[in-house]
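A.B. asks: sequence-free structure coming up:
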């Protein structure tokens with residue numbers, strides 16, 4: 001982690017100061033005892049003499065004495081290419097003295113206070129954005145023409161910040177306001193990076209050519225639309241080359257799904273790819289959101305559309321791919337001949353829906369007329385057994401019921417829990433009144449958002465007192481807040497787990513096992529649920545965990561037991577889940593797993609290692625070289641997710657042998673768990689040469705995402721592209737836009753520059 005930033009000085013606005021600042025002020029007093037023999041932050045005792053505004057002025061007025069020096073500490077943020085530490089040059093014979101607790105931009109001399117560990121503000125600095133824009137512009141493969149040239153801003157000198165007069169500023173504000181109002185644009189479009197990139201490029205062209213008519217350089221919508229096709233084609237060629245090596249090493253996973261836009265009801269096949277490159281970096285790319293042109297959504301049609309969508313990327317051999325999808329019967333049948341896994345987040349969401357009889361509630365809402373007696377309505381919806389025979393792409397089709405309940409088996413307390421959930425869902429349309437009275441907006445519980453139920457309950461709890469004021473008389477607020485709080489406590493482990501497994505920047509497959517064991521342990525009893533809450537939330541997110549009351553109503557006992565039963569029966573852990581956890585250095589001994597599970601995992605890993613070793617022996621080029629061993633950065637002392645499953649140094653379990661197997665050496669290596677990153681790839685970068693075969697297997701397993709969250713996010717982007725204003729956008733152009741967007745946002749694309 002960089003030693004970074006920051007709090008902005010209130011005078012951050014870099015107006016260009018009067019020349020009346022005298023040269024005498026270029027030499028603030030510095031005590032001789034602070035003069036260093038080497039470059040060091042020697043002005044720490046005098047940092048009070050400086051302010052951000054004063055340093056900026058000194059940099060401009062006295063640039064022979066005040067300079068910006070490099071940050072020589074190890075760092076990874078790109079912002080340090082433009083930022084450094086302000087320093088005072090006392091004499092040519094002495095090194096510059098750093099002005100501590102400040103950082104300065106080399107281009108515009110904007111200065112910020114330095115007292116934190118985040119580079120977010122520096123990365124959002126205008127010069128930094130322009131720097132990234134110029135870097136990307138120079139390497140964008142727009143089109144295949146050899147005559148194409150993207151002009152760099154630096155060709156005409158650096159872009160300087162200038163203080164314009166009031167009339168000029170007002171003129172620009174008028175134009176922007178008129179544009180937003182006339183064309184009904186979002187206010188934030190003015191802050192858009194793309195808009196500012198175009199504006200800056202026009203300014204640079206003006207610096208070279210003088211005042212010119214922009215129609216000579218800005219092209220029509222039709223031309224740009226056609227050019228997007230060329231851009232996407234170029235990017236697909238780039239990505240095709242990037243995917244070849246991970247594909248050959250079975251470190252490429254695709255997540256397919258179907259989506260229908262809400263405007264024109266056109267179906268799309270969305271596919272995201274997760275892969276690990278030879279230098280052990282994980283990447284996620286939206287390969288496509290292409291129109292689904294097959295006559296139906298049967299398994300055969302799914303497979304045809306899948307092959308058609310993957311062909312442009314050179315992914316013709318589906319046997320080399322691993323798939324992650326939901327449990328829709330069409331996808332299950334289509335992917336059966338290949339290696340595939342099910343989305344863990346979908347499964348958890350479906351467990352909760354099943355636990356609270358969501359499908360029955362949904363059916364009855366459509367078929368039952370409104371009853372004046374809400375209690376009778378709640379009773380009626382419980383009478384049926386839960387069923388998964390609904391048509392469509394259901395997550396759990398063709399599966400038996402895991403538990404059943406009738407009106408005679410459920411207590412009044414359990415029915416009260418269902419009634420509370422129903423009442424909370426009915427509190428819609430109150431958000432504006434809640435905001436007016438200072439309350440929190442209520443979240444909506446929806447089928448497609450995995451965390452929506454607990455978010456709804458949390459928002460109801462926060463605004464309960466305000467809701468009571470809004471609903472007087474017959475519609476009075478009669479929700480039992482104690483039940484709401486109990487439900488929040490019950491669902492909180494799910495919220496934490498789902499947030500963990502949806503990461504797309506780090507491997508998540510090993511979390512399937514750890515999360516499952518965590519949830520089962522947390523819901524085993526009321527005391528274990530309280531212990532979980534205190535363990536993970538005492539010093540995090542401001543969650544109040546001081547209530548240690550272990551009382552559990554019959555209703556909450558019913559649902560906790562039901563959920564725990566569903567966790568045991570509905571989650572099918574495969575040997576790959578255990579292997580992925582074993583190949584994370586923290587969990588390598590599979591603590592709290594059975595002896596049979598550990599033995600089965602070791603047999604699987606040994607078998608895979610033998611296969612890999614044979615391939616490496618016959619074709620050495622298929623293996624990948626590990627990069628230079630990096631240092632493992634220290635971690636803060638705090639509770640980690642899954643800490644109860646971490647393995648210490650239990651090398652005593654492994655006898656010294658003449659011929660140590662690679663797996664045994666890995667399991668017996670002594671490690672400081674506090675210095676191990678959450679991301680297992682950091683470990684394998686360091687120990688890839690020590691465990692060459694295991695590192696290849698680790699690369700394969702850790703390339704598998706635990707969820708299909710990446711393709712779900714792609715569909716969210718598709719919803720922003722296909723709007724009523726752009727209803728005539730062709731489906732193929734939607735695909736191009738989303739693909740180019742994904743490439744531009746990818747770290748992989750940044751590495752091609």
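C.D. replies: Nice, thanks for sending it over. Quick caveat: nothing in here was measured; it's all calculated off a predicted structure.
A.B. asks: mind checking how far the host helix or strand of residue 432 is from the chain centre?
C.D. replies: Taking DSSP states H and E as the criterion, residue 432 maps to helix 431-436. With C-alpha atoms, centre = their mean, to the nearest Å as the basis, helix 431-436 stands 30 Å off its chain's centre.
A.B. asks: and the helix or strand following that helix, what does it pack onto?
C.D. replies: Elements were assigned by DSSP H and E; along the chain past helix 431-436, the next helix or strand is helix 452-462. In terms of contacts (3 or more C-beta pairs under 8 Å, 6 or more residues apart in numbering; DSSP states H and E), helix 452-462 is packed against helix 412-425, helix 481-501. Any C-beta I mention is one placed from the backbone N, CA and C, and that applies to glycine too.
A.B. asks: helix or strand for residue 242, which one?
C.D. replies: With DSSP H and E as criterion, residue 242 is part of helix 221-248.
A.B. asks: how long is stretch 453-470 end to end?
C.D. replies: End-to-end distance for stretch 453-470: 22 Å, by C-alpha to C-alpha, to the nearest Å.
A.B. asks: what is the rounded mean pLDDT of that stretch?
C.D. replies: With pLDDT averaged residue by residue, stretch 453-470 scores 80.
A.B. asks: before we move on, what about stretch 514-533?
C.D. replies: Confidence for stretch 514-533, expressed as mean pLDDT, is 92.
A.B. asks: And what about residue 254, helix, strand or coil?
C.D. replies: Under DSSP: H, G, I helix; E, B strand; the rest coil, the three-state class of residue 254 is strand.
A.B. asks: ok, it - contacts?
C.D. replies: Shown here is residue 254, whose contacts under the criterion C-beta atoms under 8 Å, 6 or more residues apart in numbering are 271, 272, 273, 274, 287, 310, 315, 321, 322, 323, 324.
A.B. asks: Against residue 218, how distant is residue 205?
C.D. replies: The gap separating residue 205 from residue 218 is 11 Å, by C-beta to C-beta, to the nearest Å.
A.B. asks: again with residue 278
C.D. replies: Noted for residue 278: a distance of 42 Å to residue 218, by C-beta to C-beta.
A.B. asks: Give me the more crowded residue out of the two.
C.D. replies: residue 278 (15 against 11; other C-beta atoms under 10 Å).
A.B. asks: Test my guess that the more buried one contacts residue 245.
C.D. replies: Yes. With contacts counted by C-beta atoms under 8 Å, residue 278 reaches residue 245, the gap being 5.7 Å.
A.B. asks: Quick one: the helices in the stretch 201-350 of the chain, in order.
C.D. replies: Assigned by DSSP state H, counting those that start in this stretch, the stretch 201-350 of the chain shows helices spanning 221-248, 299-310, 329-335, 344-355.
A.B. asks: Output these in JSON lines; the columns should cover mean pLDDT, mean neighbour count and distance to residue 82.
C.D. replies: Converted to JSON lines, the helices of the stretch 201-350 of the chain look like this (pLDDT from 0 to 100; neighbours: other C-beta atoms under 10 Å; distance: least, C-beta to C-beta, whole Å):
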{"stretch": "helix 221-248", "mean pLDDT": "94", "mean neighbour count": "16", "distance to residue 82": "27"}
{"stretch": "helix 299-310", "mean pLDDT": "95", "mean neighbour count": "18", "distance to residue 82": "40"}
{"stretch": "helix 329-335", "mean pLDDT": "94", "mean neighbour count": "19", "distance to residue 82": "47"}
{"stretch": "helix 344-355", "mean pLDDT": "90", "mean neighbour count": "22", "distance to residue 82": "39"}
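A.B. asks: which stretch among these comes nearest residue 522?
C.D. replies: When these are ranked by proximity to residue 522, the top entry is helix 344-355, at 13.0 Å, counting by C-beta to C-beta.
A.B. asks: and that closest one with helix 452-462, angle?
C.D. replies: Inter-element angle recorded for helix 344-355 and helix 452-462: 60 degrees (by axes from the mean of the first three to the mean of the last three C-alpha atoms, to 10 degrees).
A.B. asks: circling back: closest one to residue 166 among the helices and strands packed on helix 452-462?
C.D. replies: From these, taking C-beta to C-beta, the stretch that ends up closest is helix 481-501, at 48.1 Å.
A.B. asks: list the buried ones in that closest one?
C.D. replies: 483-498, 500-501 (16 or more other C-beta atoms under 10 Å).
A.B. asks: so what secondary structure elements neighbour that helix?
C.D. replies: Using 3+ C-beta pairs under 8 Å, 6+ apart, the elements in contact with helix 481-501 are helix 344-355, helix 412-425, helix 452-462, helix 511-522, helix 526-537, helix 554-570.
A.B. asks: Can you name the residues that contact the closest residue to residue 483 other than its chain neighbours?
C.D. replies: Once its chain neighbours are removed from consideration, residue 483 has its nearest residue in residue 420; the separation is 4.5 Å (C-beta to C-beta, 6 or more residues apart in numbering). Under the criterion of C-beta under 8 Å, 6+ apart, the contact partners of residue 420 comprise 479, 480, 483, 484, 487.
A.B. asks: possible to save the residues you listed as a markdown table with distance to residue 458 and pLDDT?
C.D. replies: As requested, the contacts of residue 420 are exported to a markdown table (distance: C-beta to C-beta, whole Å; pLDDT from 0 to 100):
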| residue | distance to residue 458 | pLDDT |
| --- | --- | --- |
| 479 | 13 | 82 |
| 480 | 16 | 86 |
| 483 | 14 | 91 |
| 484 | 9 | 90 |
| 487 | 10 | 92 |
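A.B. asks: nearest to residue 716, of those residues?
C.D. replies: residue 487 (27.1 Å).
A.B. asks: and the residue nearest to that closest one when sequence neighbours are not counted, how far is that from residue 525?
C.D. replies: If the residues on either side of it in the chain are set aside, residue 487 comes closest to residue 457, at 5.4 Å by C-beta to C-beta, 6+ apart. In this structure, residue 457 and residue 525 are 22 Å apart, going by C-beta to C-beta.
A.B. asks: who has more neighbours, those two?
C.D. replies: Counted by other C-beta under 10 Å, residue 457 and residue 525 do not tie: residue 457 has more neighbours, with 25 against 16.
A.B. asks: Can you give me every residue that contacts the more buried one?
C.D. replies: When contacts are counted by C-beta under 8 Å, 6+ apart, residue 457 touches 421, 424, 484, 487, 488, 491.
A.B. asks: Does the first one touch residue 487 like I think?
C.D. replies: Looking back up the chat, that one is residue 421. Yes. In terms of C-beta under 8 Å, residue 421 counts as a neighbour of residue 487; the distance is 7.2 Å.
A.B. asks: Could you list the domains of the protein?
C.D. replies: With domains defined by automatic domain parsing, the chain comprises 5-124, 138-218, 223-343+708-750, 348-504+515-568, 575-702.
A.B. asks: Flag every buried residue along stretch 734-746.
C.D. replies: Applying 16+ other C-beta under 10 Å to stretch 734-746 flags 734, 735, 736, 737, 738, 739, 740, 742, 743, 746 as buried.
A.B. asks: With secondary structure as extra columns, can I get those residues in a markdown table?
C.D. replies: Below are the buried residues of stretch 734-746 laid out as a markdown table (three-state DSSP):
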| residue | secondary structure |
| --- | --- |
| 734 | helix |
| 735 | helix |
| 736 | helix |
| 737 | helix |
| 738 | helix |
| 739 | helix |
| 740 | helix |
| 742 | helix |
| 743 | helix |
| 746 | coil |
